[in-house]
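Here you go, sequence then predicted model.
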Amino acid sequence: MLDTPSFSSLPPGTHPVVMEMGYEMNCGPEWPTILDKNFTEYKFEIPYIRAKNNPQKILNYKSVIYVDDKLESFGSREVYGLNASYATMNMSTSSYVIKFDQFTFQALFQVDGPWGNMTTYPYFKVYQEIMNMSWFGDPKLSSCAEHHYDYDNIRIRPSNMTLSAQRGILSTFFPNISMSTPGVQAELGTTELYVKFTMSTPHSCD
């Protein structure tokens, strides 16, 4: 069941989604660290989901994952129950392209401000709230995990984004889309960030 976030910029009857486009370095569970790897990863997330057996607990649904590493996509499915697929991915300082089957996703970025932190860009707190949520990948399972971020040393920079995605690459519920977003000077704006984190092993969502 969806929870209702109180964002002033969110039109009535709508619900936010989050897209993470990035490069993960030394990424893996807190133990064993031998599983840590570097890879390009895309996440399509639906936050503010009430846990089935604990409606007071709010979760983040990582509904679609793409990675450019076949072993990582397999491990994400088997260990965390994520809907992870291997795709051809190309990331640069100004673009992010995914090709999966016959579908293409492309995002173009333009820097729109200097590097700062959460004090510099207070609207980032919306994303901090989502980043702090326990997350799950398979609604039929009761398995969750968390990321633990080093917010004290996070680096944030606003970026304007233009995005296009063909139907089928994000979700069967999403048609072909083309959209633009402002930087994180606005609520729900786009941000570039560098942050260190650790990731928990799977556990019960309850």
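Noted; the coordinates are in hand. Numbering: from 1, shown residues only.

what bits of the protein have low per-residue confidence?
Applying pLDDT under 70 to the chain flags the ranges 8, 26-36.

now the helices for it?
Using DSSP state H, the helices of the chain run over residues 70-80, 125-131.

closest to Asn53 out of those helices?
With Cβ to Cβ as the measure, helix 70-80 is the member of those nearest Asn53 (19.1 Å). Using the backbone N, CA and C atoms, a C-beta is placed for each residue, glycine as well.

How about that closest one, which residues are buried there?
72-73, 75-77, 80 (16 or more other Cβ atoms under 10 Å).

ok, now stretch 5-23?
18-22.

Then stretch 167-175?
For stretch 167-175, using 16+ other Cβ under 10 Å, the buried residues are 169-170.

from the chain's centre, how far out does that stretch sit?
16 Å (Cα atoms, centre = their mean, to the nearest Å).

just to revisit the earlier point, dump the buried residues of helix 70-80 into a markdown table; add distance to Pro175 as well.
Output for these, formatted as a markdown table (distance: Cβ to Cβ, whole Å):
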| residue | distance to Pro175 |
| --- | --- |
| Glu72 | 29 |
| Ser73 | 25 |
| Gly75 | 31 |
| Ser76 | 26 |
| Arg77 | 26 |
| Tyr80 | 28 |
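
who wins for proximity to Gly137 among the helices of the chain?
Across the helices of the chain, closest to Gly137 is helix 70-80 (Cβ to Cβ), at 5.7 Å.

ok, back up a step: out of the buried residues of stretch 5-23, who's nearest Asn90?
Closest to Asn90, out of all of the buried residues of stretch 5-23 and judged by Cβ to Cβ, is Met21, at 11.2 Å.

my guess is the closest one meets Leu108, correct?
No - taking contacts as Cβ atoms under 8 Å, Met21 lies outside contact range of Leu108: 11.2 Å.

State the distance from Phe173 to Phe7.
Applying Cβ to Cβ, to the nearest Å, the value for Phe173 to Phe7 is 21 Å.

Check this protein for its longest strand and report it.
The strand that spans the most residues within the chain, counting by DSSP state E, is strand 37-50.

That one packs against which elements?
Counting contacts by 3 or more Cβ pairs under 8 Å, 6 or more residues apart in numbering; DSSP states H and E, strand 37-50 packs against strand 18-27, strand 58-67, helix 70-80, strand 88-91, helix 125-131.

The second one vs strand 18-27, what angle?
In other words, strand 58-67. 70 degrees (axes from the mean of the first three to the mean of the last three Cα atoms, to 10 degrees).

From the chain's centroid, how far away is strand 58-67?
7 Å.

strands paired with that strand, and their directions?
Here strand 58-67 has these sheet partners by DSSP bridges: strand 37-50 (antiparallel), strand 84-86 (parallel), strand 134-136 (parallel).

Relative to Leu163, which of those is closest?
strand 37-50 (11.6 Å).

can you pull the buried residues of that closest one?
39-49.

swap in stretch 106-119?
Neighbour-count burial for stretch 106-119 [16+ other Cβ under 10 Å]: 106-109, 112-113.
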